[in-house]
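# Generate a structure from the sequence data that follows.
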Amino acid sequence: MIASGNAGKLREYRELLADRGFELVAFDSEVDEVGETYAENARLKAETACTRSGLPALGDDSGVEVEALGGFPGLRSARLGPTQEERTAELLRRLEGKPRPWNARFVCVIAVAAPGDPTQLFEGECRGEIVPEWRGQAGFGYDPVFLVPGTGKTFGEMTPEEKRLYSHRARAARALLDSGMLEHLFGRSPNQPA
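All right, here's what the predicted structure looks like:
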């Protein structure tokens, strides 16, 4: 189970875990993100999905943190406005008049909860820069205004394959895959048939 109704996240996780032989099923039930950290929110989502479904579940929380704004919006990244266009416009409005570069980082924490096992956490981050103009239509969230160092591209300009090389979510997923937790949960190598 994946505790998310966000179509962009679902697509990315399905791509990130596609070659491991696991099918991700969306657990689209609203879970109040009342935690004070990404880890607390990710754990809350994963444990709720696991408890309600009886299956291993993945939850994640992520956000963008901008240095010039003291780490804002961070945990509030998805709450700056009703649509992503409005959230991005609000972020850029708050940055007006602040000297550039607008250094930032994307953070993702994945929690995996399974019946009878302690919940495990995996983190990934990508440092970069917020740019003042929307660049590209790929990805979701703040991707079109997040410039990845050394690439000359925002996440919004990257193909899914390129984004997987750099993204915070891909790095957290790699930490999960490298941990051996999935093999532990399912008692097999991820690429072996069940």
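# tell me which element the residue in the chain sticking out farthest from the centre falls in.
No residue in the chain sits farther from the centre than Gly97, which is 29.0 Å out by Cα atoms, centre = their mean. Using DSSP states H and E, Gly97 sits in no helix or strand.
# can you check Leu17 too?
Leu17 belongs to helix 7-17 when assigned by DSSP H and E.
# which other residues reach the helix or strand following that helix?
Using DSSP H and E, the helix or strand that follows helix 7-17 towards the C-terminus is helix 38-53. With Cβ atoms under 8 Å, 6 or more residues apart in numbering as the test, helix 38-53 has contacts from 1-4, 27, 29, 31-35, 55-63, 75, 107-115, 119, 121, 123. The C-beta positions use only the backbone N, C-alpha and C, and glycine is treated the same way.
# rerun at 6 Å
1, 3, 27, 31, 33, 35, 57-61, 107, 109, 111, 113, 119, 121 (Cβ atoms under 6 Å, 6 or more residues apart in numbering).
# swap in stretch 58-69?
2-3, 38, 41-42, 45-46, 71, 74-75, 77, 94, 98, 102-112, 130, 142.
# Can you select the buried ones from those residues in PyMOL?
Selecting the buried subset of the contacts of stretch 58-69 in PyMOL, with 16 or more other Cβ atoms under 10 Å as the burial test, is done by:
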select buried, resi 2+3+38+41+42+45+46+74+75+77+102+104+105+106+107+108+109+110+111+112+130+142
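# List the buried residues for stretch 156-171?
So stretch 156-171, judged by 16+ other Cβ under 10 Å, has buried residues Gly156, Glu157, Met158, Lys163, Arg164, Tyr166, Ser167, His168, Arg169, Ala170, Arg171.
# Show the end-to-end separation of it, please.
End-to-end distance for stretch 156-171: 18 Å, by Cα to Cα, to the nearest Å.
# What mean pLDDT does it get?
Average pLDDT, stretch 156-171: 94.
# again, but for stretch 64-82
The pLDDT scores in stretch 64-82 average 92.
# ok, now stretch 183-190?
Average pLDDT, stretch 183-190: 63.
# Low-confidence stretches in the chain?
Residue ranges of the chain with pLDDT under 70: 29, 187-194.
# can you map out the strands along it?
Secondary structure of the chain, counting by DSSP state E: strands at 57-66, 102-114, 117-130, 146-148, 153-154.
# closest to Phe186 out of the ones you listed?
The closest of the strands of the chain to Phe186 is strand 102-114. By Cβ to Cβ, the value is 9.6 Å.
# Determine the set of other helices and strands touching that closest one.
helix 38-53, strand 57-66, strand 117-130, helix 168-179 (3 or more Cβ pairs under 6 Å, 6 or more residues apart in numbering; DSSP states H and E).
# May I have it as PDB, with CA atoms only?
What follows is strand 102-114 as a C-alpha-only set of coordinates in PDB (Å, rounded to 0.1, in the frame of the first residue of the first chain):
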ATOM      1  CA  TRP A 102      17.600  31.500  -3.500                       C
ATOM      2  CA  ASN A 103      19.200  28.400  -2.200                       C
ATOM      3  CA  ALA A 104      16.800  25.600  -1.300                       C
ATOM      4  CA  ARG A 105      16.500  21.900  -0.700                       C
ATOM      5  CA  PHE A 106      13.800  19.300  -1.400                       C
ATOM      6  CA  VAL A 107      13.500  16.800   1.500                       C
ATOM      7  CA  CYS A 108      11.600  13.500   1.400                       C
ATOM      8  CA  VAL A 109      11.100  11.000   4.200                       C
ATOM      9  CA  ILE A 110       9.700   7.600   3.500                       C
ATOM     10  CA  ALA A 111       8.200   5.500   6.300                       C
ATOM     11  CA  VAL A 112       7.500   1.800   5.800                       C
ATOM     12  CA  ALA A 113       5.100   0.200   8.300                       C
ATOM     13  CA  ALA A 114       4.400  -3.600   8.300                       C
END
